[in-house]
Structures are given as structure tokens and as C-alpha cells.
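A.B. asks: Predicted structure and sequence below. I'll ask about it afterward.
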Amino acid sequence: QVQLVESGGGLVQAGGSLRLSCAASGLTFSSTEMGWFRQAPGKERELVAAINRSGRATSYADSVKGRFTISRDNAKNTLYLQMNSLKLEDTANYYCGARLGSSKYNYWGQGTQVTVSS
């Protein structure tokens, strides 16, 4: 059974930093493309960052480019999202997704809340 468990969210002031983690189990992590998503109330889900299986290729939404960094540790089956220079508009529920045997993300975690205050 695939499980994705996020952690690291919380309340932070604008300009601050947070590091999110996603612990994966029930899958061959090193063979799975992963991504971080976020969804704020009343807004559509947004793909924030994606990373390929080796970790050598990454992509970012324009809204976070230069501030967020996605990475992975395949030995620890863990995905990370380093978030710097946080803005009020980064407030959302953040969750990780996995693409297993599909061109689309088809497994999700429950998410971790990130709240940025002024």
C-alpha cells in the first residue's frame, strides 16, 4: 500500500523559511517521479515543483522559481521542499504526489499546512 506522509509545515513570518518532507513507503521510491503541490481555499490545486527519479532534473512553477528547491534522498525514501523568502500568497496546504505507472500523478499524501503571516 502506497503511503505518502508530509511533515514540516507551520506558521512562519513573511520572508522566512520552511522545509517540508514527504516520507514515502509501499513503492520503489527511486523509480518514481515525484512532485509537490499546494492548494489554498477557493483556489485550484497547483503543481509547485517536480523532480525526476534520479533527482537531476527539476521544474518549478513561475510563482516559486528562485525561492523553492525540490530535492530527494532515494536512500531515505524522502522528498523535500525547501521554501525560502516565503510570501503571504504561499499560504496553502502542501502535499506530495507520486506518478506510478502513469503519465499523471495518481498517489497523494494528506498534506501539511503552511501559513505565512505578515
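C.D. replies: Ah, there it is.
A.B. asks: only C-alpha atoms for contact and neighbour calcs from this point on.
C.D. replies: Will do.
A.B. asks: now for the helix or strand of the chain with the lowest mean pLDDT, which elements pack on it?
C.D. replies: Lowest mean confidence among the helices and strands of the chain (mean pLDDT, DSSP states H and E): strand 107-108, at a mean of 94. For strand 107-108, the packing partners by 3 or more CA pairs under 8 Å, 6 or more residues apart in numbering; DSSP states H and E come out as strand 3-7, strand 92-99.
A.B. asks: Which strands border it, and is each parallel or antiparallel?
C.D. replies: Using DSSP bridges, strand 107-108 pairs in its sheet with strand 92-99 (antiparallel).
A.B. asks: List every C-alpha atom in the partner strand, with coordinates, as PDB.
C.D. replies: Below are the C-alpha coordinates for strand 92-99, written out as PDB (Å, rounded to 0.1, in the frame of the first residue of the first chain):
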ATOM      1  CA  ALA A  92      -1.800  26.800   1.400                       C
ATOM      2  CA  ASN A  93      -2.000  23.100   2.200                       C
ATOM      3  CA  TYR A  94       1.100  21.500   0.700                       C
ATOM      4  CA  TYR A  95       1.200  17.800  -0.300                       C
ATOM      5  CA  CYS A  96       3.400  15.500  -2.300                       C
ATOM      6  CA  GLY A  97       2.300  13.400  -5.200                       C
ATOM      7  CA  ALA A  98       3.700  10.400  -6.900                       C
ATOM      8  CA  ARG A  99       3.400   9.100 -10.500                       C
END
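A.B. asks: Fine, thanks again, bye for now.
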